[in-house]
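A.B. asks: Only the shape, not the letters, is given here:
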């Protein structure tokens, strides 16, 4: 039995020969799966830029769903979603600028905050 090729994007395997692999790699289903995979790792700024250029999807606005899903060429984001995304981009930009300046960035975990609070309370009680 010959070797088999497993495509991680499509979660599918087939006989590994030039014709089959070329046919699969150029197939619509593989290209869509590959695009979805790489879209998972895009940053917020790229998503915001792309969504701002799109027109709103009428079908999605009327019914709350669209037959094309993530492949729709129109935007499924509301104004509130775009504002949240814009705020996230601005926050990431400010954080990056602070890191470049070498400023102390406050820790973002709840555990750190609780630990500092407990220390402050214990020092206040001992005084």
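C.D. replies: Looks like it came in fine. Bear in mind that the values here come from a model prediction, so they are computed numbers and not experimental data.

A.B. asks: Could you list the domains of the chain?
C.D. replies: Following automatic domain parsing, the chain resolves into domains at 1-41, 43-127.

A.B. asks: Residue ranges in this structure under the pLDDT threshold?
C.D. replies: Along the chain, segments meeting pLDDT under 70 span 1-2, 103-108, 127.

A.B. asks: So which residue is smack in the middle of it?
C.D. replies: The residue lying closest to the centre of the chain (CA atoms, centre = their mean) is residue 40, at 4.5 Å.

A.B. asks: ok, it to residue 9 distance?
C.D. replies: Distance of residue 40 to residue 9, computed by CB to CB, to the nearest Å: 11 Å. Using the backbone N, CA and C atoms, a C-beta is placed for each residue, glycine as well.

A.B. asks: Counting by contacts, list what the lengthiest helix in the chain packs against.
C.D. replies: Within the chain, and with DSSP state H defining each element, the longest helix by residue count is helix 79-101. When contacts are defined as 3 or more CB pairs under 8 Å, 6 or more residues apart in numbering; DSSP states H and E, helix 79-101 packs onto helix 44-53.

A.B. asks: Tell me the buried residues in the helix it packs on?
C.D. replies: Neighbour counts over helix 44-53 (16 or more other CB atoms under 10 Å) mark 44, 48, 51 as buried.

A.B. asks: cool, and stretch 16-34?
C.D. replies: Neighbour-count burial for stretch 16-34, counted by 16+ other CB under 10 Å, picks out 24, 30, 33.

A.B. asks: Dump these into TSV; add distance to residue 55 as well.
C.D. replies: Formatted as TSV, the buried residues of stretch 16-34 follow (distance: CB to CB, whole Å):
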residue	distance to residue 55
24	34
30	28
33	26
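
A.B. asks: Okay, and which of those residues map to helices?
C.D. replies: Among the buried residues of stretch 16-34, DSSP H puts 24, 30, 33 in helices.

A.B. asks: List the contacts of the second one.
C.D. replies: So that's residue 30. 7, 9-10, 24 (CB atoms under 8 Å, 6 or more residues apart in numbering).

A.B. asks: wait, which of the residues you listed is closest to residue 102?
C.D. replies: The closest of those to residue 102 turns out to be residue 9 (CB to CB; 40.7 Å).
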